[in-house]
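Participant: okay, sequence plus prediction incoming.
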Amino acid sequence: MGAHYGFRAELWLIPEQAGWHFLTLPPELAADIRDEAAPFRRGFGSIKVTATVAGKSWSTSIFPDSKSGSYLLPVKQSVRAAAGIEAGDSVDVELDIAEPG
């Protein structure tokens, strides 16, 4: 694994897209990740990560968001159900940047 980060964010739902839930990374953390993970960026600026919420881990990617100037972490339904979280909940997140290979 590459760099490790921890943060707290509110889970939100895209109103016009049924079921898509995200966490927006804090701006200062996004700036650190943007610098640290530059060599690992993939298509559309995405970065492969392993995320953990409430003891539930999954592999995904974070995606740059021009609206917030940060990154978005998608949280799939199976993780939300297992962690007992829903839109509006503030959650603690552990994020590990996956090294390519």
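Facilitator: Looks like it came in fine.

Participant: can you pull out the strands in this structure?
Facilitator: 4-13, 21-24, 47-53, 56-65, 70-74, 90-97 (DSSP state E).

Participant: tabulate the ones you listed (CSV), appending mean pLDDT, mean neighbour count and distance to A81.
Facilitator: C-beta: built from backbone N, CA, C; applies to glycine. Converted to CSV, those look like this (pLDDT from 0 to 100; neighbours: other Cβ atoms under 10 Å; distance: least, Cβ to Cβ, whole Å):
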stretch, mean pLDDT, mean neighbour count, distance to A81
strand 4-13, 96, 15, 13
strand 21-24, 96, 21, 11
strand 47-53, 94, 20, 12
strand 56-65, 94, 16, 9
strand 70-74, 96, 21, 15
strand 90-97, 96, 16, 14
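
Participant: closest to A31 out of those strands?
Facilitator: Among the strands of the chain, strand 70-74 comes nearest to A31, with 8.7 Å by Cβ to Cβ.

Participant: mind listing what the residue positioned nearest the centre of the chain touches?
Facilitator: When the chain is reduced to its mean C-alpha position, the nearest residue by Cα atoms, centre = their mean turns out to be L73, at 2.4 Å. L73 sits next to 9, 22-25, 49, 51, 60, 62, 93, 95 when contact means Cβ atoms under 8 Å, 6 or more residues apart in numbering.

Participant: as a markdown table, the residues you listed with distance to A87 would be great.
Facilitator: Below are those laid out as a markdown table (distance: Cβ to Cβ, whole Å):
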| residue | distance to A87 |
| --- | --- |
| A9 | 12 |
| F22 | 10 |
| L23 | 11 |
| T24 | 13 |
| L25 | 17 |
| V49 | 21 |
| A51 | 17 |
| T60 | 18 |
| I62 | 19 |
| V93 | 15 |
| L95 | 20 |
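
Participant: going by distance to A82, which of those wins?
Facilitator: A51 (12.8 Å).

Participant: who's in contact with that closest one?
Facilitator: 57-58, 60, 73, 75, 93-96.
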